[in-house]
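Novice: give the three-dimensional model of this entry:
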Amino acid sequence: MTTFIERLEVEKSDLDNKISKLNDFLKSDNFKTISEYQQLKLTEQVTYMTLYSRVLNERLQDLKK
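Specialist: Predicted coordinates for the structure are as follows:
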């Protein structure tokens, strides 16, 4: 059985992988082929995902004290 902290760590790891893949896409030539609106929304999305990851990290640090 996994602990709460372990589940948070998995959640953060999964999220960080998604952030990495999205950042790779944002730097790709394919990104330039989608509409400006979609580019804007994906850029906004990665910003929020990064903030979410930061919050998860802060929670983990607090729980590990």
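Novice: and the gap between the nearest residue to Lys64 once chain neighbours are set aside and Phe31?
Specialist: Spatially, and ignoring its direct neighbours in sequence, Lys64 is nearest to Ile5 (6.9 Å; Cβ to Cβ, 6 or more residues apart in numbering). Where you see a C-beta, it was placed from the backbone N, CA and C, and this is true even at glycine. With distances taken as Cβ to Cβ, to the nearest Å, Ile5 is found 35 Å from Phe31.
Novice: these two: which is more packed in?
Specialist: More crowded of Ile5 and Phe31, by other Cβ atoms under 10 Å: Phe31, with 15 against 12.
Novice: measure that one to Asp24 for me?
Specialist: Separation of Phe31 from Asp24 (Cβ to Cβ): 9 Å.
Novice: give me the mean pLDDT for stretch 19-29.
Specialist: For stretch 19-29, the mean per-residue pLDDT is 98.
Novice: and the contacts of it?
Specialist: The contact list for stretch 19-29 (Cβ atoms under 8 Å, 6 or more residues apart in numbering) reads 31, 42-43, 45-46, 49-50, 53.
Novice: among those, which ones are buried?
Specialist: The neighbour count (16 or more other Cβ atoms under 10 Å) marks 46, 49, 53 as buried among the contacts of stretch 19-29.
Novice: can you pull the pLDDT of the first one?
Specialist: Looking at Val46, its pLDDT stands at 98.
Novice: do the second one as well
Specialist: On the pLDDT scale, Met49 is placed at 98.
Novice: and it, what does it touch?
Specialist: So Met49 contacts 15, 18-19, 22 (Cβ under 8 Å, 6+ apart).
Novice: now Leu42: how far from Thr2?
Specialist: Separation of Leu42 from Thr2 (Cβ to Cβ) stands at 32 Å.
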